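Peer 1: would you be able to build a 3D model of this:
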Amino acid sequence: MYDDGRVFLVAGYWAKLKKAFSAASVYVIADTATVASSLAKRCMPQFQPAGVMSLAEVRRYVNYMNRIAAGDEACLMQEGVAFGDDGRLPAERVFVVVGFSKTHAPDRNPVVNFVAARSEAEAAVLQQGAMPSLSVSGVVDLARLTELLYRMERVATGEVPALKEHGVIR
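Peer 2: Now for the predicted structure:
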């Protein structure tokens, strides 16, 4: 099994396709996020990487979002979003919002915030309202992030194929 910090999802787009069909992602086994991104670009020259996330990061986000859903952690919450009879927020109502500060250089680390809202669009709007200097680049709910976690765990165990940097040892 590969270490959580060496399994990456590289998201991006195909440079020559129309926007509606251009989004893509690839799993990569590498020592760093930078190497994973450059390996994806090197193996697929038309692929333009836009973001990289490690299995360790996904696992950390899912764990934190589960604590929010259970009511153990606080987050920005849209009016009208309520805990269910079981005392939990539905997984489709807990979001991670990722973006970049408009006041900093674009090569800075992304800003990551957690929001409880009715939809992805409302989560992004709510977060931007709370932080106007944020340029939102991605929003995903706990249910979809949990699915990604399981797929990346399968990459780590070798069940799902991935691009691999030469010399990375299990």
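Peer 1: look up how far residue 160 lies from residue 2.
Peer 2: Distance of residue 2 to residue 160, computed by C-beta to C-beta, to the nearest Å: 11 Å. Quick note: C-beta positions are derived from backbone N, CA and C, even for glycine.
Peer 1: looking at the two now, which is surrounded by more residues?
Peer 2: Between residue 2 and residue 160, counted using other C-beta atoms under 10 Å, residue 2 has the larger neighbour count: 19 against 13.
Peer 1: over to the more buried one: give its phi and psi.
Peer 2: Backbone geometry at residue 2, expressed as degrees, to the nearest 10, gives phi -80, psi 150.
Peer 1: without its sequence neighbours, what residue ends up closest to it?
Peer 2: Computed as C-beta to C-beta, 6 or more residues apart in numbering, the closest residue to residue 2 that is not its neighbour in sequence is residue 156, at 4.7 Å.
Peer 1: just the pLDDT for the one you found.
Peer 2: Note for residue 156: predicted pLDDT of 95.
Peer 1: distance of it from residue 80?
Peer 2: The gap separating residue 156 from residue 80 is 38 Å, by C-beta to C-beta.
Peer 1: and the two? Which one has more around it.
Peer 2: Using other C-beta under 10 Å as the criterion, residue 156 and residue 80 rank with residue 156 on top: 20 against 8.
Peer 1: pull the contacting residues for the more buried one.
Peer 2: Contacts for residue 156 (C-beta atoms under 8 Å, 6 or more residues apart in numbering) come out as 1, 2, 3, 4, 7, 55.
Peer 1: strands - which of these land there?
Peer 2: Residues from the contacts of residue 156 lying in strands, with DSSP state E as the criterion: residue 7.
Peer 1: any chance of the contacts of residue 156 in TSV, plus distance to residue 48 and pLDDT?
Peer 2: Converted to TSV, the contacts of residue 156 look like this (distance: C-beta to C-beta, whole Å; pLDDT from 0 to 100):
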residue	distance to residue 48	pLDDT
1	30	85
2	25	90
3	27	89
4	26	92
7	21	96
55	23	97
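Peer 1: distance to residue 139 added to the contacts of residue 156, as CSV?
Peer 2: Output for the contacts of residue 156, formatted as CSV (distance: C-beta to C-beta, whole Å):
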residue, distance to residue 139
1, 30
2, 28
3, 28
4, 23
7, 23
55, 20
